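Student: Got a predicted model here, sequence first, then my questions.
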Amino acid sequence: MGDFIQTIMALIVVAAIFIGLATFVGLLNRLYCQRIIQLVESGKMSDEELTKSYTMAKKNQDNTMWAIFIFSIFYKYGLKLQQRVFDTYKEAMIKRNLPL
């Protein structure tokens with residue numbers, strides 16, 4: 001019986017560590033996306049960087065696995081955040097008359 005309880009406790013600790021890391025990584029990704037949006041909206045990103053970032057965002061626009069990996073159970077929020085970054089890139093591309 002003691003081994004069973006130790007195994008359950010170990011699983012709980014591992015789950016807590018996983019949830020903590022997922023929350024931390026999700027927070028960092030959220031801050032990173034907000035910084036990207038600020039850079040694009042302020043016009044501090046060059047046309048070349050903007051085009052390259054737009055192409056990458058377009059390829060990964062609906063990448064559900066990436067959202068699940070980073071945001072775990074809050075993956076729908078991650079998908080919305082990815083879509084928001086993509087829309088920001090797209091608006092900036094249109095505003096600067098760059099080819100989509």
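Tutor: Arrived safely, thanks for sending. Numbering: from 1, shown residues only.
Student: Can you get me a residue count around Y54?
Tutor: 21 (other Cβ atoms under 10 Å). All C-beta spots, glycine's among them, are computed from the backbone N, C-alpha and C.
Student: Run a quick neighbour tally on the nearest residue to Q61 once chain neighbours are set aside.
Tutor: The shortest distance from Q61 to any non-neighbouring residue, by Cβ to Cβ, 6 or more residues apart in numbering, is to F86 (5.2 Å). By the criterion of other Cβ under 10 Å, F86 has 18 neighbours.
Student: tell me which residues of the helix or strand harbouring F86 are tucked away?
Tutor: In the assignment (DSSP states H and E), F86 maps to helix 75-95. By neighbour count on 16 or more other Cβ atoms under 10 Å, the buried set for helix 75-95 is Y75, G78, L79, L81, Q82, V85, F86, T88, Y89, A92, M93.
Student: list the contacts for the residue nearest the centre of the chain?
Tutor: Nearest residue to the geometric centre of the chain (Cα atoms, centre = their mean): N29, 4.9 Å. The contact partners of N29, by Cβ atoms under 8 Å, 6 or more residues apart in numbering, come to I70, F71, G78, L81.
Student: give me that answer again for 7 Å
Tutor: The neighbours of N29, taking Cβ atoms under 7 Å, 6 or more residues apart in numbering as the test, are I70.
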